[in-house]
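A.B. asks: Sequence unavailable; structure follows:
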């Protein structure tokens, strides 16, 4: 009976990938516009492809080394034999999601500009469709990877002997849990590398171009302008795709693993594993239906555009909410219908976090307007104000997540069975992410609109075209902030599920674990874990600074050495700038990524598994709060600057504007490099702990 | 036998207060210099006294209300009858410490300037003696309060019936534990109110004076200049005195309470209570001896001055390390000598944290020089660089504290008896704070030197006088950073001890507590607790911004309306500025303080005591990390600015200097308002939880 429903997972995958292909073909049929426009688009495409090629080569070396390490662990008996291969596929599909998303984005920006020549709705359609391709590819590939492994492992453990002390589904889910590590590693490299690239190029281009040479943003004379546009694609698109692929798959495998522990004794483990995968499949259908609600009129206000996107997301959410009820009722019966309320808690929490992010970062509300006002007294007060808004904005998501945890734990029956409660927490994250197909679309469309604006500027399009692309771009800032809130909220819940899965793993391996707050090992784990996100942010922010420094030197050199560049008679060497930031980003992403992998192993060997659990929890708590603070402070500064540019407090060129630009520049690495990487960091550390659990237990100096 | 040793506590108190009086009389005998100098000193004295009077009136209302609340709880049977009175004395002595310290400081600055007319050593002597008075008053009053209550309660419970289910020392220590709440409340008001005052005056004075009117710092024509000088005294001196009084007393009472739980079964509870109090007494003696090592030559380099102060601190530390051994051996015997190693772990951790703070914030090292270098590319890179340094600097103190926790827990015998381990953690904080008499002296001398410089500037002293006061002032920045590291490190350890005491309290009250990390109530507590320090910082930083805004308006008004002010023919209305910031600080300190008191009670009623424990732990972890980050980022920016002013990267007046000033201004509320208040916040929340434990248990909606 249940297998009938599980078939929805591969079907959902095919549906997602098929509809994505249909949308992609529709986009490719449209014209990219004039030769000028194609030339710019080509340059960005080339740069982005060159970057990703280089990035994937570097990551491939890392994956090769880790594969050998994992094979070694496997031969020593610390890991099931399929884990190293699952690790590879997780990394591969995560990378592929980013690559396809980026290919779509770089092929859609000029087409968006060209469509903007006719109507706003036509432009929205191209940009949003491009985002939808990415969203659907992410969920489609995720479901594909999950389905193939599930069916394969299920067959294998039916026909082969089971590992010691495990039942069939336990063996299946504990292998699948480990493949999240491949996706997480790939995602961390993509987010950190891409984040460093995009902000180094942006800051570097601005520092010399805008401030020293006094030429406007996106001016074709600036040698770093293509690198800047490439950055939007490799950081915000490819990085985000890999990131959310990981979130999506991670939440599903963590829930499945907890399901076996929670419902095994009731003979319902197959059902509990089926639920998250079928919910994801239902989410695909809902997302596709939701995309049809996204359309707008000409002369749309900002609010109307936002409403168009919201219509899409909300209708998908409502559909998922309805269909999930039947999935859970069908699988677990009305006796355990509480699990459904956990799903709803997650869905609602995601929406509330999104609204709160909007309140704190949009210039239609007081907090951002207050920061804009502080630009009158100079950059220092802008900075203090923005950090204060960022810090204050952590309160709502934390309280919402706290309520979601309590609700999903107890509604799923945690009072009677703690394992069921933890399953409830895990599945609330699945609920939050089930509409990823469309939420990611609203998020990924932003960089396309941004690049479309850049293309329009560089090819000197008429004013109304610019106005249309600007309208789409401004909206992108809001949806990006909302998307980040979603990614962080779901990451906190998924990370908690992974920590619970880690504890289960220790028990399965025959270990003991004392998780009391009064255990000094747990306490020092909490302290170290609480500190790591700060250290990680410090590393990534300094990396942006160093990489930007390289661009500054190169742009200055080109301005000086290329005769006739400033007069527009000669062309700058765009490719060299792209190459420099690419090399810098690759170099700089190594250390933070290594920290994430080494920290849990090192602490585990020094102080044992109790400490590791403390560390993971400390990192989730402080990483969650810090990530929100940084993302929202960055969003606030960005929109406060735009608010001033719209003519408030003196408008463009005033002292207030200069002060607001300082805030925006500080916010760049906050919101696009360090902040969004944190949610991967906390999950990757959990994954590493799980994969290395047996090794750590065997080699820990303190047991 | 043991009572013989305990007599050291009142004797130590008398010794500390007596030596403080001797130093104070010596200072008062010196001349304040010319009429001009006296006039300035008088204005600062008056302003400071007016501020404290107003502050204490506001706080008195709070104490009156809380007294009634606590009496109510006491009549309802939720608290021993003496707690409300102990609450009052804790608050009173904490406030008195601040008041006396501030009186000394405001009476010593002009005398320091005057002494600087002869030699550097003479000036150092006055400033340092003033700091020493404060340090000794804090420890003297602390020991007095502790001794009186200890002897009284001991007598009372010998002659009166004991509370249900408690032995005598249990009853004594659990009442004494509660009086920490009075000290903490007073300290929080002093730190937050004073911190808002000092930075609002500073930022306000700079924004209009330096930036708009273009007059130098400490220029007598600036109407906010006296408020700025007053601020150094009410924030950095009175606030710090109250703060460290609370740390000192808090660590001792928490250790005593844990001692009864740990050593009660062994018949050694009296001894375990005696140890922290006698160690404190021994610390008094060591501190006094240490003060004699602080002297310098004329023409001393910065390094020589620092060495002079270090000599004092190190010799005290070594003395305490030696004497503590005998105290512990005498009380517990060689069988439990492990407790001594816990003390040493705390002492060493304190020193290492201090050195790490120096490394990250002093301009003789790379991190601060790097931030100074980034001033070449403008304010945005200075801000990013400073935040990155602040974040990176959290790693060393966290690891040091983690090692100290592990060492003090296991060396004190935690493997066999967890209660003994927690006693070890608690006493390591006592070890760290035992030399408070002298460490506070090196810290409190800074504002005196700062004001002495201000006095010299305003009274147009000759160049060599300014050079001497500047040398002392620059050193003060380093010792202030070190002192903050100490305060934060000890706060983390003390807060952990308080959390353990809270758990014991719940057990004594017959409650149950589940502290597993997998308990959802603990988890949401961790999240909420992790967020509260961020919210608290947001509130206090915004308060500084609002209060500074008031000063900006007033200074602009005076510049406009008072004829001849800019030409030096008319005097500004200093008192009005003081009054405005005073009122603003009083208004603004209410909300953050209320948050600290209400949060644990509210969460306790909504989600029970498990959640409260999680919240306290989350707040300690994130508060500790955030406090270090903010204090060190602020210190780095301050010294990076000074480094530029010393002639690097273009020196004073260059674009780089302007960028560095932005960093310094952002750092002001970081390091002097929000950061240092966090360590009180985490302890006050623990104290409130303990005092309201019984009430919460009776009224919790979720048990």
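C.D. replies: Noted; the coordinates are in hand. As the structure is a computational prediction, the values presented were derived from the model and not from experiment.
A.B. asks: just the helices in the stretch 301-450 of chain A please.
C.D. replies: Along the stretch 301-450 of chain A, counting by DSSP state H, counting those that start in this stretch, helices occupy A:302-332, A:338-361, A:366-373, A:379-392, A:395-411, A:418-433, A:436-458.
A.B. asks: Between the ones you listed, which one is closest to residue B:208.
C.D. replies: Comparing the helices of the stretch 301-450 of chain A by their distance to residue B:208 (Cβ to Cβ), the top pick is helix A:379-392, with 12.8 Å. Where you see a C-beta, it was placed from the backbone N, CA and C, and this is true even at glycine.
A.B. asks: Just the angle for the closest one relative to helix A:366-373, thanks.
C.D. replies: 170 degrees (axes from the mean of the first three to the mean of the last three Cα atoms, to 10 degrees).
A.B. asks: Report the inter-axis angle for helix A:379-392 versus helix A:338-361.
C.D. replies: Calculated by the same axes, to 10 degrees, helix A:379-392 forms an angle of 170 degrees with helix A:338-361.
A.B. asks: Run through the neighbouring helices and strands of helix A:379-392.
C.D. replies: helix A:338-361, helix A:366-373, helix A:590-645, helix A:655-669, helix B:379-392, helix B:520-561, helix B:655-669 (3 or more Cβ pairs under 8 Å, 6 or more residues apart in numbering or on different chains; DSSP states H and E).
A.B. asks: does chain B sit close to stretch A:409-429?
C.D. replies: Yes. Using Cβ under 8 Å from any Cβ of the partner chain, we find that stretch A:409-429 touches chain B at A:409, A:410, A:414, A:418, A:421, A:422, A:425.
A.B. asks: cool, stretch A:623-639 as well?
C.D. replies: Yes. Stretch A:623-639 lies within reach of chain B by Cβ under 8 Å from any Cβ, at A:624, A:625, A:629.
A.B. asks: out of those residues, who has the most neighbours?
C.D. replies: residue A:625 (30 neighbours; other Cβ atoms under 10 Å in any protein chain shown).
A.B. asks: so that residue touches residue A:394, yeah?
C.D. replies: Yes. Residue A:625 is within contact range of residue A:394, at 4.9 Å (criterion: Cβ atoms under 8 Å).
A.B. asks: Find residues that contact each of the two.
C.D. replies: B:531, B:534 (Cβ atoms under 8 Å, 6 or more residues apart in numbering or on different chains).
A.B. asks: For stretch A:448-468, which residues meet the burial criterion?
C.D. replies: A:448-459, A:461, A:465-466, A:468 (16 or more other Cβ atoms under 10 Å in any protein chain shown).
A.B. asks: on that earlier part again, which one of the residues of stretch A:623-639 next to chain B sits closest to residue A:579?
C.D. replies: Using Cβ to Cβ, these come closest to residue A:579 at residue A:629, 34.2 Å.
A.B. asks: Could I get the contacting residues of the closest one?
C.D. replies: Shown in contact with residue A:629 (Cβ under 8 Å, 6+ apart): A:387, A:390, A:391, A:393, A:394, A:675, B:534.
A.B. asks: Reformat the helices of the stretch 301-450 of chain A as a markdown table; add distance to residue B:235.
C.D. replies: Formatted as a markdown table, the helices of the stretch 301-450 of chain A follow (distance: least, Cβ to Cβ, whole Å):
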| stretch | distance to residue B:235 |
| --- | --- |
| helix A:302-332 | 44 |
| helix A:338-361 | 29 |
| helix A:366-373 | 25 |
| helix A:379-392 | 17 |
| helix A:395-411 | 26 |
| helix A:418-433 | 44 |
| helix A:436-458 | 44 |
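A.B. asks: Throw those helices into CSV and include mean pLDDT, thanks.
C.D. replies: Below are these laid out as CSV (pLDDT from 0 to 100):
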stretch, mean pLDDT
helix A:302-332, 89
helix A:338-361, 92
helix A:366-373, 94
helix A:379-392, 94
helix A:395-411, 96
helix A:418-433, 94
helix A:436-458, 88
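A.B. asks: Of these, which is nearest residue B:350?
C.D. replies: With Cβ to Cβ, the closest approach to residue B:350 among the helices of the stretch 301-450 of chain A belongs to helix A:379-392: 28.5 Å.
A.B. asks: For residue A:237, give its distance to residue B:438.
C.D. replies: 59 Å (Cβ to Cβ, to the nearest Å).
A.B. asks: Please read the previous query as pertaining to residue A:503.
C.D. replies: For residue A:503, the distance to residue B:438 - Cβ to Cβ - is 47 Å.
A.B. asks: For these two, indicate the residue with more neighbours.
C.D. replies: Higher neighbour count among residue A:503 and residue B:438: residue B:438, with 31 against 23, using other Cβ under 10 Å.
A.B. asks: residue contacts, that one?
C.D. replies: Contacts of residue B:438 (Cβ under 8 Å, 6+ apart): B:132, B:135, B:286, B:287, B:290, B:291, B:312, B:313, B:316.
A.B. asks: Quick one, which of the helices and strands packed on helix A:379-392 gets closest to residue B:91.
C.D. replies: Short answer: helix B:520-561, nearest of those by Cβ to Cβ, at 20.3 Å.
A.B. asks: which residues touch the helix or strand just after the closest one?
C.D. replies: Later in the chain than helix B:520-561, the nearest helix or strand by DSSP states H and E is helix B:574-588. In this structure, residues lying in contact with helix B:574-588 by Cβ under 8 Å, 6+ apart are B:43, B:46-47, B:50-51, B:54-55, B:58, B:192-194, B:196-197, B:200-201, B:204, B:223-227, B:230-231, B:540, B:543, B:546-547, B:550-551, B:554-555, B:558.
A.B. asks: And stretch A:477-486, by the same measure?
C.D. replies: For stretch A:477-486, using Cβ under 8 Å, 6+ apart, the contacting residues are A:236, A:240, A:306, A:309, A:350, A:353-354, A:356-358, A:361-362, A:397, A:432-433, A:439-440, A:442-443, A:445-446, A:627-628, A:631-632, A:635, A:638-639, A:642, A:671, A:675-676.
A.B. asks: List the residues that contact the nearest residue to residue A:529 once chain neighbours are set aside.
C.D. replies: Counting by Cβ to Cβ, 6 or more residues apart in numbering or on different chains, the nearest residue to residue A:529 once its immediate chain neighbours are dropped is residue A:618, at 2.7 Å. Contact analysis of residue A:618 by Cβ under 8 Å, 6+ apart lists A:525, A:526, A:527, A:528, A:529, A:530, A:531, A:532, B:621.
A.B. asks: low-scoring pLDDT stretches of chain A, where are they?
C.D. replies: Within chain A, the ranges that satisfy pLDDT under 70 run A:1-4, A:211, A:298-300, A:703.
A.B. asks: Can I take it that residue A:164 is in a helix?
C.D. replies: No. Counting by DSSP: H, G, I helix; E, B strand; the rest coil, residue A:164 is not part of a helix but coil.
A.B. asks: List buried residues within the contacts of helix B:574-588.
C.D. replies: By 16+ other Cβ under 10 Å, the contacts of helix B:574-588 give B:43, B:46-47, B:50-51, B:54-55, B:58, B:192-194, B:196-197, B:200-201, B:204, B:223-227, B:230-231, B:540, B:543, B:547, B:550-551, B:554-555, B:558 as buried.
A.B. asks: which stretch of helix or strand covers the residue in the stretch 1-150 of chain A that chain B sits nearest to?
C.D. replies: Scanning the stretch 1-150 of chain A for proximity to chain B using Cβ to the nearest Cβ identifies residue A:51 as nearest, at 23.0 Å. Secondary structure assignment for residue A:51, by DSSP H and E: helix A:35-75.
A.B. asks: Which elements pack onto that helix?
C.D. replies: Using 3+ Cβ pairs under 8 Å, 6+ apart, helix A:35-75 sits against helix A:83-116, helix A:168-205, helix A:225-231, helix A:436-458, helix A:574-588.
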